[in-house]
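Novice: Let me see the structure of the following:
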Amino acid sequence: MKKISVLAVAVIMAGTVFAAEALQCTKITDFKGYTQNAKAIENGIRLTGNGKYFVLGSVKKLPVDLKKKYCFSFEYRLAPGSKTAGGFYIAPVCFTARGKEITAVSQNCVNGSDTVLAAAAKKGDKVIKIKNGAKWILRYGAVAFNTKADYSDLPNYEIAEIAAIKKVGDIWEISLKKPLAKAYPAGTAVREQCYAATYRYILANAVPKAQWQKVTRTFSGAKRKGVRGCHSAWRSGTAEVGITIFSSGKPVDMEIRNLSITEVK
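Specialist: Prediction:
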């Protein structure tokens with residue numbers, strides 16, 4: 001799993017929505033971000049990391065119809081003459097109809113964690129009490145407030161990161177990393193959601209080889225993480241998508257071409 005700054009990606013992914021059936025990223029001008037690392041090749045770009053981390057995002061985003069299928073497709077290889085062995089990551093980036101990025105934590109739900117506040121929580125509190133925390137886990141965890149049992153609240157951005165979990169008598173105390181930004185009454189529905197992987201990666205830390213390799217994945221519908229088939233579906237609440245590419249931080253010199261998300265007829 002790779003966790004990177006959501007703010008950094010939000011900045012580079014900012015762009016206008018265009019009404020089309022395909023998102024094609026085959027030129028340097030199709031990207032925002034660290035394009036100083038890019039050189040043009042036929043139907044694609046060459047990316048050189050030189051040991052420094054780079055991240056690019058598509059300038060444009062593609063509106064998607066959740067009833068239709070889309071193919072994420074590209075080819076990649078080690079740049080000719082290069083001997084670098086660093087890896088790279090590539091993934092779709094999902095957005096709501098209002099253009100807000102759908103982050104991992106906003107829709108990665110811990111199954112069986114739905115419960116309610118056992119006591120009112122005041123603005124500024126760093127400890128909250130829940131009725132049932134038996135399924136809650138500490139690692140990468142966050143409390144999501146005003147949840148719905150049918151998950152219709154997703155993506156849910158009303159979250160607070162967890163610092164500790166402790167059972168006290170018949171309830172559980174959840175310590176938070178930061179004070180609550182607002183108050184919640186007793187009985188407020190809550191669940192645990194997790195930061196987990198930043199994206200649903202097509203490739204993660206993939207090391208290019210000398211020969212061109214083609215990769216495709218078909219997406220349809222929208223599913224939260226943990227549901228069967230979620231890696232072939234957009235994130236819950238998706239209305240439009242973009243593309244991000246970034247390095248692992250190790251030296252990398254690679255080429256990528258024919259990169260697109262295209263509606264499958």
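
Novice: All the strands of the stretch 1-150 of the chain, in order from the start?
Specialist: Ranges of strands within the stretch 1-150 of the chain are 22-25, 31-33, 38-41, 44-48, 55-58, 62-63, 69-78, 88-95, 115-116, 127-130, 141-145, based on DSSP state E, counting those that start in this stretch.

Novice: Out of the ones you listed, flag the one nearest residue 213.
Specialist: Across the strands of the stretch 1-150 of the chain, the minimum distance to residue 213, taken as C-beta to C-beta, is reached by strand 69-78, at 6.0 Å. Bear in mind the C-beta positions are built from the backbone N, C-alpha and C, glycine included.

Novice: Residues contacting that closest one, please?
Specialist: 44, 62, 64, 84, 88, 90, 92, 202, 206, 208-220, 241, 243, 253-264 (C-beta atoms under 8 Å, 6 or more residues apart in numbering).

Novice: Restricted to strands, list those residues.
Specialist: The members of the contacts of strand 69-78 that map onto strands under DSSP state E are 44, 62, 88, 90, 92, 206, 213-220, 241, 243, 253-264.

Novice: where does the stretch 1-150 of the chain have low pLDDT?
Specialist: By pLDDT under 70, the low-scoring segments of the stretch 1-150 of the chain are 1-20, 51.

Novice: Find the nearest non-adjacent residue to the residue most central in space within the chain, please.
Specialist: The structure's the chain has its C-alpha centroid closest to residue 199; by C-alpha atoms, centre = their mean the separation is 3.0 Å. Nearest residue to residue 199 in three dimensions, chain neighbours excluded: residue 91, at 3.6 Å (C-beta to C-beta, 6 or more residues apart in numbering).

Novice: Burial check on the one you found, number of neighbours?
Specialist: 21 (other C-beta atoms under 10 Å).

Novice: hang on, isn't residue 194 packed against residue 113?
Specialist: No - when contacts are counted by C-beta atoms under 8 Å, residue 194 is not listed as touching residue 113 (9.7 Å).

Novice: Tell me the buried residues within the contacts of strand 69-78.
Specialist: 44, 62, 64, 84, 88, 90, 92, 202, 206, 208, 217, 219-220, 241, 243, 253-262 (16 or more other C-beta atoms under 10 Å).

Novice: next one: stretch 79-97 to chain centre, how far?
Specialist: In terms of C-alpha atoms, centre = their mean, to the nearest Å, the centre of stretch 79-97 is found 14 Å from the chain centre.

Novice: swap in stretch 73-90?
Specialist: Distance of stretch 73-90 from its chain centroid, counting by C-alpha atoms, centre = their mean, is 22 Å.

Novice: Go through it and flag the buried ones.
Specialist: Quick answer for stretch 73-90 (16+ other C-beta under 10 Å): 73-79, 82, 84, 86-90.

Novice: which one of those is nearest residue 153?
Specialist: Nearest to residue 153 among the buried residues of stretch 73-90 is residue 89, at 28.7 Å by C-beta to C-beta.

Novice: Okay, and the beta partners of the closest one?
Specialist: Note on residue 89: beta-bridge partners by DSSP bridges are residue 246.

Novice: Thought residue 246 was touching it, still the case?
Specialist: Yes - using C-beta under 8 Å, residue 89 is in contact with residue 246, at 5.3 Å.

Novice: can you name the farthest residue from the center of the protein?
Specialist: residue 169 (37.0 Å).

Novice: Next up, the contacts around it.
Specialist: Contact analysis of residue 169 by C-beta under 8 Å, 6+ apart lists nothing.

Novice: Need the pLDDT of it.
Specialist: Model confidence at residue 169, expressed as pLDDT, equals 97.

Novice: Quick check: it vs residue 151, distance?
Specialist: 30 Å (C-beta to C-beta, to the nearest Å).

Novice: now residue 253
Specialist: For residue 253, the distance to residue 151 - C-beta to C-beta - is 43 Å.

Novice: Going by neighbour count, list what's buried in stretch 167-177.
Specialist: 171-174, 176.
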